[in-house]
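Peer 1: Got a sequence here, can you model it:
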Amino acid sequence: MKIVNSIKELKSYLAEEKRNNKQIGFVPTMGALHNGHLSLVERCVKENDVCVVSVFVNPTQFNDKHDLETYPRTLDQDCALLEPAGCDYVFAPSAEEMYPEPDTRTFDFGTVSAVMEGARRPGHFNGVAQIVSKLFYVVEPDNAYFGEKDFQQIAVIRAMVKQLDIPVKINACPILREADGLALSSRNVRLTPEQRQKAPLIARTLKESTNFAPEKSVQEVIDYVINTINADPVMRVEYYEIVDGYTMESIRNWSDTTYPVGCITVYCGEVRLIDNIKY
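Peer 2: Down below sits the predicted model:
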């Protein structure tokens, strides 16, 4: 496994792989890797000849400076996990390497990026589109792998790839969970023991809510989820929306879509956790 910091060096290695007709798979990450990331890497290794994983905490997608500063950075541990998983190249650039000049590009993906996370984290998805497009231009992968925990992000990346005409297949991979249901996330390490004990309430409530659909109305299911989670004093729902899984537009009736997905963001103490469920 090679650890590469420069764009030029990585492009040189990958050009050689492509000359040998190797298919390239890519997993973009912000590091602090866990089994959820490793499940993406394992699928990437299985489906491609070469596996590239990027580890880069992208400053342009954080609209909260404190969140950027406290985001865990654990490159040595990440590499120790990636090598046995079969990764061939770890791309770990500096911010200066990725942004020698400020990236002034602005994207418009319509509703897909305007609602939910987009509405509450201004500029977040624009930053995601900036970095993922840059990484795609560097790696030029045949396949890229993303976890479905960031459900809206996948929709944004699909829209970006279409808009910029980037020839890559976007592969969405199922959420990996702890035994108690909590979705794996790099942010989970910031939970106190008490908060960690409470956090599985999110997944448990979402799962229970599927028992009521479609007998109860969309709004009744939304109210049930929000009220159940908010009943715990440690938890605060920022939003829970049931949307069309393709367009991210909120639905009012179950008949509005063939692909209803519930998307939630909850503050557990100060830690912001996201999850989703398909109905």
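
Peer 1: Just give the closest residue to Asp244, not the sequence neighbours.
Peer 2: In space, and not counting its chain neighbours, Asp244 is closest to Thr257: 4.0 Å by CB to CB, 6 or more residues apart in numbering. C-beta coordinates here come from the backbone N, C-alpha and C atoms, glycine included.

Peer 1: which residues in the stretch 151-279 of the chain form strands?
Peer 2: For the stretch 151-279 of the chain, the strands defined by DSSP state E, counting those that start in this stretch occupy 169-173, 235-244, 260-268, 271-278.

Peer 1: pLDDT weak spots in the chain?
Peer 2: Counting by pLDDT under 70, the chain contains no low-confidence residues.

Peer 1: Now for it: which helix has the highest residue count?
Peer 2: helix 124-139 (DSSP state H).

Peer 1: burial measure for Ala183, as a count.
Peer 2: By the criterion of other CB atoms under 10 Å, Ala183 has 22 neighbours.

Peer 1: residues in contact with it?
Peer 2: By CB atoms under 8 Å, 6 or more residues apart in numbering, the contact list for Ala183 reads Gly36, Lys149, Ile175, Leu176, Arg177, Ile202, Ala203, Leu273, Ile274, Asp275.

Peer 1: now it: how far from Ile274?
Peer 2: Distance from Ala183 to Ile274, counting by CB to CB, to the nearest Å: 8 Å.

Peer 1: and for these two, which residues touch both?
Peer 2: Each of Lys149 lies in contact with both Ala183 and Ile274 under the rule CB under 8 Å, 6+ apart.

Peer 1: Give me the neighbour count for the residue lying closest to Ala95 once chain neighbours are set aside.
Peer 2: Leaving out its chain neighbours, the residue that sits closest to Ala95 by CB to CB, 6+ apart is Pro59, at 5.8 Å. Per other CB under 10 Å, the neighbour tally for Pro59 reads 14.

Peer 1: Help me confirm that Pro59 comes into contact with Met98.
Peer 2: No - taking CB atoms under 8 Å as the definition, Pro59 is not a contact partner of Met98, at 9.1 Å.

Peer 1: I'd assumed Glu178 was in contact with Leu184.
Peer 2: Yes - look at Leu184 against Glu178 with CB under 8 Å: they come within range, at 6.7 Å.

Peer 1: Comparing these two, which residue is more hemmed in?
Peer 2: Set Leu184 next to Glu178 and count neighbours by other CB under 10 Å: Leu184 wins out with 19 against 16.

Peer 1: can you count the residues close to the closest residue to the more buried one other than its chain neighbours?
Peer 2: Closest residue to Leu184 apart from its sequence neighbours, by CB to CB, 6+ apart: Gly36 at 3.7 Å. Applying other CB under 10 Å, we find 20 residues neighbouring Gly36.

Peer 1: Centre of the chain to stretch 11-24, how far?
Peer 2: Relative to its chain's centre, stretch 11-24 lies at 27 Å (CA atoms, centre = their mean, to the nearest Å).
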